[in-house]
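Q: compute the structure for the input listed below.
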Amino acid sequence: MKNVTFYDIEGLFSFENNVFGDDRGYFFESYNKRLFDEYAGQNVEFVQDNISKSSKGVLRGLHFQAPPFAQAKLVRVIKGRALDVAVDIRKDSPTYGQHIAIELTEDNFLNFFVPRGFAHGFVALENNTVFSYKCDNFYNSESEDGILWNDESLSIQWGVNAPIISAKDQVAKKFSLFTSPF
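A: The predicted model follows:
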């Protein structure tokens with residue numbers, strides 16, 4: 001892990017992998033629990049890995065799972081390019097309703113940690129973008145929830161015109177009508 005960046009919203013951080021390359025290709029350690037926990041300042045036990053593949057313009061989010069099934073995520077792009085967004089939905093946080101957006105690509109080798117208490121989403125900026133999520137809790141459909149991706153009060157600049165949105169994400173709650181479980 002190198003070039004660790006801590007953001008203005010407590011708990012969010014990103015880091016690059018140490019990549020060793022030559023004319024044959026490259027090698028990198030994609031995850032090291034000891035180093036990760038040191039930067040996270042906590043013991044995070046990832047229990048589930050997810051992979052999604054998206055066409056250019058597909059927007060997924062803003063999703064979260066309510067307690068007791070809340071999830072922290074460590075995300076990165078394996079192939080392609082995506083804009084990743086984390087929105088603070090912790091009621092007592094001084095940054096409640098604020099977000100961080102970060103570009104993840106197959107070439108920048110960035111990883112982004114999104115702790116529990118955040119809504120999360122991303123938009124694919126290239127065709128065949130492969131997105132990886134490490135989660136610290138198992139998926140539970142009954143605790144899944146979301147916030148409207150284009151809610152004006154959040155002012156998220158997704159950087160795409162006419163994104164491709166699932167039916168579920170099109171009818172997510174407006175932030176002004178949202179009551180956070182965190």
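Q: next, name the residue at the spatial heart of the protein.
A: For the chain, the residue nearest the mean C-alpha position is His120 (5.0 Å; Cα atoms, centre = their mean).
Q: residues in contact with that one?
A: Taking Cβ atoms under 8 Å, 6 or more residues apart in numbering, we find His120 in contact with Gly61, Leu62, His63, Phe64, Lys73, Val75, Asp84, Val85, Ala86, Val87, Val114. For the C-beta atoms, the positions are set from N, CA and C on the backbone; glycine is no exception.
Q: could you look up the SS state of the third one?
A: So that's His63. strand (DSSP: H, G, I helix; E, B strand; the rest coil).
Q: show me what it is bridged to.
A: Note on His63: beta-bridge partners by DSSP bridges are His120, Gly146.
Q: show me what contacts it?
A: His63 makes contact with Ala119, His120, Gly121, Glu144, Asp145, Gly146, according to Cβ under 8 Å, 6+ apart.
Q: most remote residue from the protein's center?
A: Relative to the centre of the chain, the most outlying C-alpha is that of Asp23, 32.1 Å out, by Cα atoms, centre = their mean.
Q: low-confidence ranges, the protein, go.
A: Along the chain, no part satisfies pLDDT under 70.
Q: try 90 this time
A: Counting by pLDDT under 90, the chain shows low-confidence ranges at 1.
Q: just the helices in it please.
A: Using DSSP state H, the helices assigned to the chain run over residues 33-40, 167-170.
Q: nearest to Met1, of those?
A: helix 33-40 (4.9 Å; Cβ to Cβ).
Q: that older thread, I'd like the helices of the chain as CSV, with distance to Phe13 and mean neighbour count appended.
A: Compiled in CSV, these are given as follows (distance: least, Cβ to Cβ, whole Å; neighbours: other Cβ atoms under 10 Å):
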stretch, distance to Phe13, mean neighbour count
helix 33-40, 6, 13
helix 167-170, 26, 12
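Q: among the contacts of His63, name the buried ones.
A: Ala119, His120, Gly121, Asp145, Gly146 (16 or more other Cβ atoms under 10 Å).
Q: out of the residues you listed, which comes closest to Phe13?
A: Nearest to Phe13 among those, with distances taken as Cβ to Cβ, is His120, at 14.4 Å.
Q: and that closest one, how far from Leu35?
A: According to Cβ to Cβ, to the nearest Å, His120 and Leu35 sit 22 Å apart.
Q: same question for Gly97.
A: 31 Å.
Q: returning to that earlier point: so which of the contacts of His63 would you say is closest to Gly57?
A: Nearest to Gly57 among these: Gly121, at 13.5 Å, using Cβ to Cβ.
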